[in-house]
Structure formats: C-alpha cells, structure tokens
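Enquirer: Pasting the sequence and the predicted coordinates here, then a few questions.
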Amino acid sequence: MPELPEVETTLRGIQPKVDQQTITAVIIRNGSLRWPVDKTLPKKLAGLPVLQVSRRGKYLLLKTEAGTLLIHLGMSGNLRVLPIGTVVKKHDHVDLEFSNGYVLRLNDPRRFGSVLWHPACEGSVENHKLLSKLAPEPLSDAFNGGYFFEKTRNRKVAIKSLVMNSAVAVGAGNIYANESLFMSQIHPQTQACSLSRKQCDVLVANIKRVLEAAIKQGGTTLKDFMSPDGKPGYFVQQLNVYDQGGKPCTVCGTPIERIILNQRASYFCPKCQKLKHPPKSPKPTKLTKKTNA
DNA sequence: TTTATAACCTGAACGC
DNA sequence: TGCGTTCAGGTTATAA
C-alpha cells in the first residue's frame, strides 16, 4: 500500500495531533513486525514530548530528546489518530498515547511494517542503517536528471527496478514507478544504462509530477489505504496503466499489457512504450490473468 | 559490485 | 458454500 504520497498524507494527518505533545504511554500488543519492536519502548518514551514529526523516504520519524522513533508502514500498515479509549480492532499492534487525549495507533494486517528506535546517543537519525543509504528526497532539487543519469551508468538492470531501488530513488513504489515510466514513454524493461540524459531528465520530472499529483489527491487507495482521519486517497482515479491490464491506453487506445518483472506486476502500453534496449535476462513472465478486459 | 531471489504475513479474490 | 490456490501497494538478507 503505502508509497511516498501515502506516507506524506499520513504525516500531514498525524502532525497536528502529535507534534509537541507529550507521550504518556506506549502499548505494544503485538511486537512481531518486520523486526521485533523494542519491548523497552514504553519505558524509554513515557513522559517525553515529541519535538518534531517528519518523513524521510517512506519512514515517518518522531523525534524526542532521547532519540527518534522510525515508523515504516510496510505493505499494509495504517496510522490513525483516535481518542484514547477507542475500541481496539484486529491488527492494531502498537499505540502511542499522548497528553492531549489522543492515541496514535498502528494497524498492520501483514506485519511488514516496522517500529524502530534510534537513540540520540548514536547521533543523527540519518545515520540509522535504514536511512543512511537512501537516495535524495524525490521532491528535492538534489534528485534531478543529472543525478539519475549518473546512477544509471553501467547498470544493466531494467529501469523499473532502478526506479524502485531506494538507493537510487525513494518514494516510487510499484504504482508510481509504472505511472512515471508510462508518462515518460519508457518501457519498464529498458536497460537502465541505455537511457539518454534527456530521457533521465524526463523520467525524473515525471516521477516528481506523479508523486506531487498523488500527494494532492491524498494518495492512492487500491484496497485499504486510509489517511489518519479515515479518508481514502483519490489518485486511483488518475491511474493510466497500473492495474489497467487489457484496458485501452489513454493516449493511443492500444490494450495495456501486464508482465511480471522482478516479481512485481508491471503495466505498460506496448505502442507508447516501445522496448528498444531489452536486458539480456531474465525474461519477464507475460500473464493473461488479471487483464481487466 | 551488481543482480536475482527468497523471505517476512495476512486477507481478498478467484477457481473448482 | 467451502476449500485450496494465487496474488498483493515494501524491503532486506543472501546467494550467484
């Protein structure tokens, strides 16, 4: 579920209720997330005010004087701000209660999300091993065509894999990688190193454009994404190729094709996104199922 | 160093 | 209706 626009939507939703508020309690109902949740968190966090709520890539960061809490929503995670005492539902794994009477509640059915602690004594949270190798923020000036062109040199992997590689570009998951490649008229299987500087400029501009548009719409709700106030995202109404297999291309009318690339569903228009430089391996799996035709 | 793959886990959708 | 199978929006560790 949550790609960068969904995480940004979550950040904007929780910020007014959480920023500068004092944590009164931490409740861990099920600490078996992607990595075990630190059982001493309740002791570490109780009584501390949240100094800053921010985002780095798809990680939400809650800074306190003792350290920073890193929250990742994984594939099915959801953060809600609710009045303390709200009935607990299935898959509500972690609560942070605040002095203003609200609770920040993590619900994550698949438990691919994570809640991690970075103590202040270990320096800036940017040094955390999960953040230190992340690419520049996609909406910052540092993420530009020149940067991306350099990153694609000598890389024979399919460009879609690189767009989704957090060391090269952060924020674009499967949905937005498919959409930005369609907008750039680049086949997802194109060898990264075959891209020209101009194509890199166009692709980077489209990654930014698609992420900004999705943020404006409150993210994309395919199955279960909800912002902290319980509203769905509306970007799904603007998807050109993702999950549109078999439907006509919005530009030329050619049926959208679906292949499996690096274990992920990839959608493209075979006419608008012609494959000029295919990688030598592996061959993608072309599926006839899930074509929506 | 780069790339591919398995793994983590649950629930919805689908086929029989 | 019920059961079994497949697939899903992310990311890391490991192997080749």
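Expert: The structure has been received and is ready for your questions.
Enquirer: Stretch A:26-43 near DNA strand C anywhere?
Expert: Yes - using C-beta under 7 Å from any atom of the strand, stretch A:26-43 comes into contact with DNA strand C via A:R34. For every residue, glycine as well, the C-beta is placed using N, CA and C.
Enquirer: Give me the contact list for that stretch.
Expert: Contacts to stretch A:26-43, defined as C-beta atoms under 8 Å, 6 or more residues apart in numbering, come from residues A:25, A:44-46, A:69, A:72, A:74, A:88, A:92-97, A:108, A:111-117.
Enquirer: what do you get for stretch A:119-135?
Expert: Residues from elsewhere that reach stretch A:119-135, judged by C-beta under 8 Å, 6+ apart: A:56-57, A:59, A:61, A:63, A:65-68, A:70, A:72, A:116, A:118, A:143, A:151, A:166-170.
Enquirer: about what we covered before: among the contacts of stretch A:26-43, which ones are in strands?
Expert: With DSSP state E as the criterion, strands contain A:25, A:69, A:72, A:92-97, A:114-117 from among the contacts of stretch A:26-43.
Enquirer: ok, A:R197 - contacts?
Expert: A:R197 sits next to A:145-146, A:149 when contact means C-beta under 8 Å, 6+ apart.
Enquirer: Mind doing that once more with 7 Å?
Expert: A:145, A:149 (C-beta atoms under 7 Å, 6 or more residues apart in numbering).
Enquirer: PyMOL command to pick out the buried ones of the contacts of stretch A:119-135?
Expert: Those of the contacts of stretch A:119-135 that count as buried under 16 or more other C-beta atoms under 10 Å are selected in PyMOL with:
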select buried, chain A and resi 56+57+59+61+63+67+68+70+72+116+118+143+151+166+168+169+170
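Enquirer: For A:P16, the count of nearby residues, please.
Expert: By the criterion of other C-beta atoms under 10 Å, A:P16 has 13 neighbours.
Enquirer: what's the model's confidence in the helix or strand hosting it, averaged?
Expert: Taking DSSP states H and E as the definition, one finds A:P16 inside helix A:4-18. Throughout helix A:4-18, pLDDT has a mean value of 91.
Enquirer: again, but for stretch A:29-43
Expert: Here the average pLDDT along stretch A:29-43 is 90.
Enquirer: likewise stretch A:73-92?
Expert: When pLDDT is averaged along stretch A:73-92, the result is 90.
Enquirer: If you count neighbours, what's buried in it?
Expert: Neighbour counts using 16+ other C-beta under 10 Å place A:73-74, A:76-82, A:91-92 of stretch A:73-92 among the buried residues.
Enquirer: Spatially nearest residue to the closest residue to DNA strand C within the stretch 101-250 of chain A (excluding sequence neighbours)?
Expert: Here the stretch 101-250 of chain A gets closest to DNA strand C at one residue, A:G173, 1.6 Å apart by C-beta to the nearest atom of the strand. If the residues on either side of it in the chain are set aside, A:G173 comes closest to A:E3, at 3.7 Å by C-beta to C-beta, 6 or more residues apart in numbering.
Enquirer: where along the stretch 101-250 of chain A do the strands fall?
Expert: For the stretch 101-250 of chain A, applying DSSP state E, counting those that start in this stretch gives strands covering A:102-107, A:114-119.
Enquirer: so can I have JSON lines of those strands showing distance to A:S266 and mean pLDDT?
Expert: Formatted as JSON lines, the strands of the stretch 101-250 of chain A follow (distance: least, C-beta to C-beta, whole Å; pLDDT from 0 to 100):
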{"stretch": "strand A:102-107", "distance to A:S266": "29", "mean pLDDT": "94"}
{"stretch": "strand A:114-119", "distance to A:S266": "26", "mean pLDDT": "92"}
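Enquirer: Out of those, which one sits most buried?
Expert: Of all these, strand A:102-107 carries the top mean neighbour count, a mean of 22, counting by mean count of other C-beta atoms under 10 Å.
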